[in-house]
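Student: Provide a 3D model corresponding to the input given below.
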Amino acid sequence: MNLSNFMNIFDKTNYLPYSNFLLPVGISFYTFQTLSYTIDIYNNKIKAEKNFIIFALYVSFFPQLVAGPIERSAHLIPQLKKSFLYSKVKFHDSFSLILFGFFKKVVIADNLSIFVNSIYNKPYEADSISLIIATILFSFQIFSDFSGYSDIAIGVAKLFGIDLMQNFDIPYSAESFQEFWKKWHISLSRWFRDYVYIPLGGSKKGLKKHIINLIITIIVSGIWHGANWTFFVWGLLHGIYLITELFLQ
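Tutor: Prediction:
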């Protein structure tokens with residue numbers, strides 16, 4: 001098998017089995033929110049919401065419906081029940097977040113994508129320097145894109161008197177992979193920690209079980225980002241990085 005054929009295995013068109021379906025916009029976010037809601041009720045951490053309108057609003061709250069943050073019912077539902085006065089809304093803070101989000105998305109991410117896509121669409125025609133530069137720029141593109149959406153969502157929610165959780169905390173300033181995952185897409189990282197990693201046993205059942213739980217959690221996280229083999233490998237690699245870091249501590 002030559003390099004070209006090997007790389008075709010990880011081509012973006014090679015989806016995982018039964019994953020190439022037409023799905024509703026934002027399905028992963030409201031699925032995760034309803035899952036956490038159901039699991040928390042099952043574990044007696046919260047009480048079921050009897051008002052269907054409030055529950056439906058929690059599931060489909062439009063500012064964060066498409067790109068998060070993924071909110072827990074214990075944090076969002078009480079806010080949805082409260083009345084508020086527009087005179088108390090901090091418009092300056094809200095619009096500053098919204099404008100900064102649009103700047104990151106439209107000015108930074110969209111412009112970086114022009115160069116990145118020109119290289120990634122024809123990787124075999126690019127030299128090594130171009131591939132390295134494209135990879136570095138892609139890291140800033142995806143951060144600006146995703147955190148920009150989060151800033152817009154948080155800013156819009158503030159206009160309705162709703163405080164959504166912070167979703168990014170300067171992740172590229174992290175000094176370790178563990179710290180990175182505490183700063184990158186925080187709502188998702190905490191979701192997998194609380195509903196996958198800890199229920200599997202976390203780090204309380206010995207080193208071997210800890211490693212297995214970590215690998216499973218990070219691979220599932222990778223598949224969440226995209227149902228194809230590239231994200232599976234991406235998750236596996238991050239699992240290996242975290243385990244290596246664990247042994248080096």
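Student: okay, now the domains of this protein?
Tutor: Here the domain parsing of the chain from automatic domain parsing is 27-82, 87-159, 171-248.
Student: need the ones you listed in a markdown table (columns: mean neighbour count, mean pLDDT and distance to Met165).
Tutor: C-beta here means a position set from N, CA and C on the backbone, and glycine is covered the same way. A markdown table is the format used below for the domains of the chain (neighbours: other C-beta atoms under 10 Å; pLDDT from 0 to 100; distance: least, C-beta to C-beta, whole Å):
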| stretch | mean neighbour count | mean pLDDT | distance to Met165 |
| --- | --- | --- | --- |
| domain 27-82 | 16 | 88 | 5 |
| domain 87-159 | 16 | 91 | 8 |
| domain 171-248 | 16 | 86 | 6 |
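Student: in which helix or strand would I find Ala134?
Tutor: Ala134 is located in helix 128-159, with elements delineated by DSSP states H and E.
Student: now the end-to-end length of stretch 171-178.
Tutor: Distance across stretch 171-178, first residue to last, is 11 Å (C-alpha to C-alpha, to the nearest Å).
Student: wait, stretch 193-205
Tutor: OK, stretch 193-205 end separation, C-alpha to C-alpha: 16 Å.
Student: go on, stretch 162-174?
Tutor: 29 Å.
Student: ok, residues contacting that stretch?
Tutor: Contacts with stretch 162-174, where a contact means C-beta atoms under 8 Å, 6 or more residues apart in numbering, come from 61, 63-64, 68-69, 71, 75-76, 79-80, 139, 143, 146-147, 150, 153-154, 157, 180, 182-187.
Student: just how off-centre is that stretch within its chain?
Tutor: The chain centroid and the centroid of stretch 162-174 are separated by 11 Å under C-alpha atoms, centre = their mean, to the nearest Å.
Student: stretch 103-118 now?
Tutor: 19 Å.
Student: what of stretch 157-173?
Tutor: Computed by C-alpha atoms, centre = their mean, the chain-centroid distance of stretch 157-173 equals 13 Å.
Student: go on, stretch 197-217?
Tutor: With C-alpha atoms, centre = their mean, you get 21 Å for stretch 197-217.
Student: just to revisit the earlier point, what packs against the helix holding Ala134?
Tutor: Helices and strands touching helix 128-159, by 3 or more C-beta pairs under 8 Å, 6 or more residues apart in numbering; DSSP states H and E, are helix 91-102, helix 110-120.
Student: may I see these arranged in TSV, with distance to Leu236 as well?
Tutor: Listed next are those as TSV, based on distance: least, C-beta to C-beta, whole Å:
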stretch	distance to Leu236
helix 91-102	32
helix 110-120	21
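Student: start and end of stretch 219-238, how far apart?
Tutor: The first-to-last residue distance of stretch 219-238 comes to 8 Å (C-alpha to C-alpha).
Student: again, but for stretch 218-236
Tutor: Per C-alpha to C-alpha, stretch 218-236 runs 7 Å from first to last residue.
Student: then stretch 171-182?
Tutor: Per C-alpha to C-alpha, stretch 171-182 runs 8 Å from first to last residue.
Student: tell me how far that stretch lies from the chain's centre.
Tutor: 14 Å.
Student: got it, and stretch 80-97?
Tutor: Counting by C-alpha atoms, centre = their mean, stretch 80-97 comes out at 25 Å from the chain centroid.
Student: export that stretch as PDB, just CAs?
Tutor: Listed next in PDB are the C-alpha coordinates belonging to stretch 80-97 (Å, rounded to 0.1, in the frame of the first residue of the first chain):
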ATOM      1  CA  LEU A  80     -35.400  30.900  32.500                       C
ATOM      2  CA  LYS A  81     -38.000  31.100  35.300                       C
ATOM      3  CA  LYS A  82     -36.900  34.500  36.500                       C
ATOM      4  CA  SER A  83     -38.300  37.700  35.300                       C
ATOM      5  CA  PHE A  84     -35.900  40.500  34.400                       C
ATOM      6  CA  LEU A  85     -36.000  44.200  33.500                       C
ATOM      7  CA  TYR A  86     -34.300  45.400  30.300                       C
ATOM      8  CA  SER A  87     -33.100  48.400  32.300                       C
ATOM      9  CA  LYS A  88     -30.800  46.000  34.200                       C
ATOM     10  CA  VAL A  89     -29.300  44.400  31.100                       C
ATOM     11  CA  LYS A  90     -25.700  45.400  30.600                       C
ATOM     12  CA  PHE A  91     -25.900  46.300  26.900                       C
ATOM     13  CA  HIS A  92     -22.300  47.300  26.700                       C
ATOM     14  CA  ASP A  93     -21.000  44.000  27.900                       C
ATOM     15  CA  SER A  94     -23.500  42.100  25.700                       C
ATOM     16  CA  PHE A  95     -22.700  43.900  22.500                       C
ATOM     17  CA  SER A  96     -18.900  43.900  23.200                       C
ATOM     18  CA  LEU A  97     -19.000  40.100  23.400                       C
END
